[in-house]
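J.: Fold the stuff below for me.
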Amino acid sequence: MESGEYLYIWQSPDWPAWRYDLAALAQPLEDVSRAQGLLLGRLADVGLELRDRASLAALTDDVLKTSEIEGELLNPASVRSSIARRLGLDIGALAPADRHVDGVVEMVLDATGRSADPLTAERLFGWHAALFPTGYSGLSRIAVGRWRDDATGPMQVVSGPVHRRNVHFEAPPADRLAAEMVRFLAWAEAEGSRVPALVKAGLAHLWFVTVHPFDDGNGRIARAVGDLFLARADGAGQRFYSLSAQIQRERNAYYDILERTQKGSLDVTAWLAWFLAALGRALESAQTALSAVLAKARFWQHWAGTAFNERQAKLINRLLDGFEGKLTSSKWAAIAKCSADTALRDITALLELGVLRKAPGGGRSSAYKLVMP
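T.: Presented below is the predicted three-dimensional model:
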């Protein structure tokens, strides 16, 4: 049966006999493997503390962006604090706990930190329950910690106004889910597979999101499943890059390739090529992020003998983490929650030390930049 005789790949009589052109993927696989090696090699030359900071930054990005893809914005400070709390990292003052944030963090850390553990239905149910601790998605009550039952109709991915819905995808019916997930999980844990590890990560991501076994949260869990297989592939034990962050940067292309693949044939070479290319770009971004972590460490080592007040330390860290826009005395006062005079005194002291310099073309309100040692 040709793909034109059915609408979705799960309706194919050959489902899920994935096909792909390994020769066409050979170069992307080599490129990604080399990029993984370069990143891990660079991290091997830095101390444990810096590796922990790099991992914290990557995990924070991962949690924020996997939710942002679904249109949900989490508080970055809460996410960072939740991860640091669970990893036992000292980052100073912690933000208050948020059980919704904690749930996403628990899933991501479980997927990446315990990647060698078997992927089971119970583990997936635990992830789902962590994502929806109240049993609600928005104002709608959903089935938590179990496969969907389609009580309100078929599981569809739609867009557009209610009176003119555009159906992008319809998942397999609920009465097939138990068998579908048994087959998926058996494949996930099959030993002796000749499927390259990175290809298996891409297939796992696609397979899970195609089955869409839960009432909600399928995208986030699919990306966690993919991350689990990526962690198995690199064997690093810590995460230093975020594919979810890259997918968020390319969100439209991600949804487009998913829809085309799910409405195509079981030859998923195009999806795997996109997945590997996005992974390569995620690794490039991780190199940039690692450079920022190392620059921050060098900065504080250089100024280790200088006493900064709490406001100054806070604003310097904001600048080191990538401050958006221009830093002015009024912004300093707002962020540090101090008066304009106090902000100006803080800035003047840093100018005299050579920590800050005036940015050119300040105009009516002077702007300031950090001087990197």
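J.: Doesn't residue 167 lie inside a strand?
T.: Yes. Judged by DSSP: H, G, I helix; E, B strand; the rest coil, residue 167 forms part of a strand.
J.: Contact partners for it?
T.: Residue 167 makes contact with 156-158 under the criterion C-beta atoms under 8 Å, 6 or more residues apart in numbering. For every residue, glycine as well, the C-beta is placed using N, CA and C.
J.: What pLDDT does the model give it?
T.: For residue 167, the model assigns a pLDDT of 90.
J.: Report the separation between it and residue 70.
T.: Using C-beta to C-beta, to the nearest Å, residue 167 is found at 18 Å from residue 70.
J.: Other residues contacting stretch 30-42?
T.: 198, 233-234, 236, 240-241, 276, 279-280, 283-284, 286-287, 290.
J.: Which of those are buried, as a ChimeraX select command?
T.: Restricted to buried positions by 16 or more other C-beta atoms under 10 Å, the ChimeraX selection for the contacts of stretch 30-42 reads:
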select :198,233,234,236,240,241,276,279,280,283,286,290
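J.: Turn the contacts of stretch 30-42 into JSON lines, columns for distance to residue 348.
T.: Output for the contacts of stretch 30-42, formatted as JSON lines (distance: C-beta to C-beta, whole Å):
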{"residue": "198", "distance to residue 348": "53"}
{"residue": "233", "distance to residue 348": "52"}
{"residue": "234", "distance to residue 348": "48"}
{"residue": "236", "distance to residue 348": "45"}
{"residue": "240", "distance to residue 348": "39"}
{"residue": "241", "distance to residue 348": "40"}
{"residue": "276", "distance to residue 348": "52"}
{"residue": "279", "distance to residue 348": "47"}
{"residue": "280", "distance to residue 348": "46"}
{"residue": "283", "distance to residue 348": "42"}
{"residue": "284", "distance to residue 348": "39"}
{"residue": "286", "distance to residue 348": "37"}
{"residue": "287", "distance to residue 348": "37"}
{"residue": "290", "distance to residue 348": "34"}
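J.: Show me the contacts of stretch 30-42 that map onto strands.
T.: Judged by DSSP state E, strands contain none of the contacts of stretch 30-42.
J.: what's the lowest-pLDDT member of the contacts of stretch 30-42?
T.: Within the contacts of stretch 30-42, pLDDT is lowest for residue 236, at 77.
J.: So which helix or strand of the chain has the lowest pLDDT on average?
T.: The helix or strand of the chain with the lowest confidence, counting by mean pLDDT, DSSP states H and E, is strand 156-159 at a mean of 89.
J.: in its sheet, what does it sit against?
T.: The strands that strand 156-159 pairs with in its sheet are strand 166-170 (antiparallel) (by DSSP bridges).
J.: how near is the closest residue to residue 209 other than its chain neighbours to residue 255?
T.: Distances taken as C-beta to C-beta, 6 or more residues apart in numbering place residue 222 nearest to residue 209, at 3.9 Å, with adjacent residues excluded. From residue 222 over to residue 255 the distance is 12 Å, taken as C-beta to C-beta.
J.: Of these two, give the one with the bigger neighbour count.
T.: residue 222 (22 against 17; other C-beta atoms under 10 Å).
J.: After the helix or strand hosting that one, heading C-terminal, what element do we hit next?
T.: In this assignment (DSSP states H and E), residue 222 forms part of helix 218-234. Proceeding N to C from helix 218-234, the next assigned helix or strand is helix 243-249, under DSSP H and E.
J.: residues of that following helix that come out buried?
T.: For helix 243-249, the neighbour count (16+ other C-beta under 10 Å) marks 243-248 as buried.
J.: And for stretch 149-162?
T.: So stretch 149-162, judged by 16+ other C-beta under 10 Å, has buried residues 155, 157.
J.: what's in contact with it?
T.: By C-beta under 8 Å, 6+ apart, the surrounding residues in contact with stretch 149-162 are 143, 148, 165-171, 173-174, 212, 215.
J.: mind listing what's buried in stretch 349-364?
T.: 350, 355-356.
J.: again, but for stretch 7-20
T.: For stretch 7-20, using 16+ other C-beta under 10 Å, the buried residues are 8-10, 12, 15-16, 18, 20.
J.: Now flag whichever of those residues is closest to residue 317.
T.: Set against residue 317, the nearest of the buried residues of stretch 7-20 by C-beta to C-beta is residue 20 (45.2 Å).
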